[in-house]
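Chemist: Provide a 3D model corresponding to the input given below.
(chains A and B)
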Amino acid sequence: MIEEKIIIALQQTLKELYAVEIACDKSILQKTRKEFEGDFTIVIFQYAKPAKKSPEIVAQEIGDQLLEKISEIKSYNIVKGFLNLLLHDHYWLHFFTQEKNNIHFGITSKKESSPFLIEFSSPNTNKPLHLGHIRNNVLGSSIAAIEEACGKRVIKVNLVNDRGIHICKSMLAWQRFGNGETPETSGLKGDHLVGKYYVLFDQHYKADIKNLIASGMTEEEAAKKAPIMLDVQEMLRKWEQNDEAVRALWVMMNRWVYDGFEETYQRMGISFDKIYHESEVYLFGKQLVEKGLKAGVFYQKKDHSIWADLTDEGMDEKLLLRGDGTSVYITQDMGTAEARYQEFLPEKMVYVVGNEQIYHFNVLKFILEYKLKLEAGKAIFHLSYGMVELPSGKMKSREGTVVDADDLMEEMFVQAKQSTEQLGKTDFEGEEAKKLNEMIGLGALKYFILKVDPKKNMMFNPEESIDLNGNTAPFIQYTHARIRSLLRKADAEQIDLSVSVSDSFIPEQNEKELIKMLYDYPQTVLNAGENYSPALIANYIFDLAKEFNRFYQESPIMKETELQKKNFRLQLSQFVATVIKNAMQLLGIGVPERM
RNA sequence: GGCUCCGUAGCUCAAUGGAUAGAGCAAUUGCCUUCUAAGCAAUAGGUUGAUGGUUCGAUCCCAUCCGGAGUCACCA
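Modeler: As a prediction, this is how the structure comes out:
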């Protein structure tokens, strides 16, 4: 790689000329900004002081040395303390010729042996998915694809939170107020039906509290003693004791939810290698807690509840098991982490979970790693992402202030459909039109989410529809479709795109710019992998598509009369299309042949 | 209140400590008899929340303040 070559030569030169030693850090060599002439830039200021010369003189001395040592460098120029290196055109052409037909360009073929576990989605089975879940799913799925492209042996895992007090709430409300309603009789999608009863429970719970307060109870007391809350706690105990009736109800209602989720996942294009159900693994967590209690790292209160004291580490006392022996959130997380570690012996276990749970994961990791001294604790990495906020604030399922996932996907489809029709693209019909609009609508939605840095909270305004113009998936999809259209025409003319351009060929500035951007793609994928950030790829593709569109506008391609130029431009377009397709695939977004 | 994260154009977002802080949307203006106008080009829009500090150089690192979010649950 030319970058390494330059860095090594720079190290040598600095040592020879000024006895300065520098680390081999990629950041010392950067891409030259577009407004200056050159390909790579070395910032000289930092070397001027030890060299005891002005930056300009140091830059010149280094430039002369590099020019001599590296044959690929054609010339250099100095602007203030910036040394800009310009490579020979044939260096870029050589790269182009080498890689242009590589349909896996940017995706490594070697695979690491140790598995890389990534858990995402992990829904509760008491309510349907909303926009926050979409961000989780789309991020998790994309990061999995990116890590795979970087050579990791990725295993995608989903842990369905199918047990716990929250499910019992839906169950109890249905039992009491449902009149035997089912997805079939109501026409509601299963997860939506169950979600309806979750909301209904909350309404009755609030009413109970209100009544108790009216009879003279404090709010805190009323929250604990509300009859419906006591009933649902009883139901959870029965569940853990394998009560037949409760279990039967639970199985039935979970089935409804799974069927509903399956539909949603399908539409989102999300899949998993392995699905765990909390109900199957939570008992293992209880064992770990018992073990820790025996070992003396946890302690028991007189109501029999079991705790971990983390106050020395700046955290709180943490409940691990309730007095009645039922498990809490962290109990099952401890169990699943350890079970999963034993099953796969992964180098890393990544959890894609919202940033509201940072504290929870700190506690979980600490307890496993330092209290129980388990390897699983070390492997845990909480990949926390920001919340999706509405103009009215946070989304809350119980209060109905959520953007429903199914509704939003359907809206995006309809919006794409309207847009397609408005633009007068009438040659699409039936299944093909449906497929295209789905690709555009869902693509726009996914891209809207993925182009934002995962760590940051993001804003979604339901009043304003998600754009289909500008920095969006349809813009990129359109660029791809335009290129494919060109290539169909070239094919019809029987133009052979496998021939290489001659050594004497001189690309124009905008063509060279495109080649350089294509050259950056593999490094972009690696960066995205290291930073767990699909946003880096999203922004890269946008820049590439934008640059191509400029080229498309400025330079004739099929109409170019000079044959070699025409052929080269077609090949360049083809290469761009390949990278767009590959990169969009890493985001889980399809690109059409025409649109 | 303790801890954590975030404040960049009217709005939504970019910018591994580097050159004149960039895109998109919205606004204004050009370009379809010309390879797909879901496009291209142009204009306008900024004291990067504030004040100090470190540095040759700070949107980025440190400190203090202001504003916002999250968390500190026998919810998950």
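Chemist: gap between whichever residue of chain A sits closest to RNA strand B and A:Ala545?
Modeler: Proximity of chain A to RNA strand B (Cβ to the nearest atom of the strand) peaks at A:Gly470, 2.1 Å away. (Each C-beta comes from the backbone N, C-alpha and C, glycine too.) Separation of A:Gly470 from A:Ala545 (Cβ to Cβ, to the nearest Å): 11 Å.
Chemist: same question for A:Asn102.
Modeler: 20 Å.
Chemist: and what of A:Phe40?
Modeler: Applying Cβ to Cβ to A:Phe40 and A:Ala545 gives a distance of 24 Å.
Chemist: and if you look at A:Thr218?
Modeler: 61 Å.
Chemist: more neighbours: these two, which one.
Modeler: A:Ala545 (25 against 10; other Cβ atoms under 10 Å).
Chemist: just the pLDDT for that one.
Modeler: In this model, A:Ala545 is scored at 97, pLDDT.
Chemist: repeat that for A:Ala308.
Modeler: Model confidence at A:Ala308 (pLDDT) stands at 95.
Chemist: now name the helix or strand holding it.
Modeler: A:Ala308 belongs to strand A:306-309 when assigned by DSSP states H and E.
Chemist: could you confirm whether that strand reaches RNA strand B?
Modeler: No: Strand A:306-309 stays clear of RNA strand B (Cβ under 7 Å from any atom of the strand), getting no nearer than 8.8 Å.
Chemist: got the contact list for the helix or strand that that strand is followed by?
Modeler: With elements assigned by DSSP H and E, the helix or strand that comes after strand A:306-309 is strand A:317-321. With contact meaning Cβ atoms under 8 Å, 6 or more residues apart in numbering, strand A:317-321 is reached by A:286, A:289, A:292, A:298, A:305-311, A:327-328, A:330-331, A:334, A:363, A:367.
Chemist: how about a cut-off of 7 Å?
Modeler: The contact list for strand A:317-321 (Cβ atoms under 7 Å, 6 or more residues apart in numbering) reads A:286, A:289, A:298, A:305-311, A:327-328, A:330-331, A:363.
Chemist: same question, stretch A:87-95
Modeler: A:2, A:39, A:72-74, A:501, A:503, A:505-507, A:512, A:515-516, A:519.
Chemist: now swap in stretch A:539-547 and tell me
Modeler: By Cβ under 7 Å, 6+ apart, the list of residues contacting stretch A:539-547 reads A:451, A:471, A:475-476, A:479, A:513-514, A:517, A:524, A:576, A:579-580, A:583-584.
Chemist: got the buried residues for that stretch?
Modeler: In terms of neighbour count (16 or more other Cβ atoms under 10 Å), stretch A:539-547 has its buried residues at A:539-542, A:544-547.
Chemist: just the C-alpha atoms of that stretch, please, in PDB.
Modeler: Listed next in PDB are the C-alpha coordinates belonging to stretch A:539-547 (Å, rounded to 0.1, in the frame of the first residue of the first chain):
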ATOM      1  CA  ASN A 539     -21.800   9.200   4.400                       C
ATOM      2  CA  TYR A 540     -19.200   7.700   2.100                       C
ATOM      3  CA  ILE A 541     -21.700   6.300  -0.400                       C
ATOM      4  CA  PHE A 542     -23.500   9.700  -0.500                       C
ATOM      5  CA  ASP A 543     -20.300  11.500  -1.300                       C
ATOM      6  CA  LEU A 544     -19.400   8.900  -3.900                       C
ATOM      7  CA  ALA A 545     -22.900   9.100  -5.500                       C
ATOM      8  CA  LYS A 546     -22.700  12.900  -5.500                       C
ATOM      9  CA  GLU A 547     -19.300  12.900  -7.100                       C
END
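Chemist: that's all I had, so thanks and see you.
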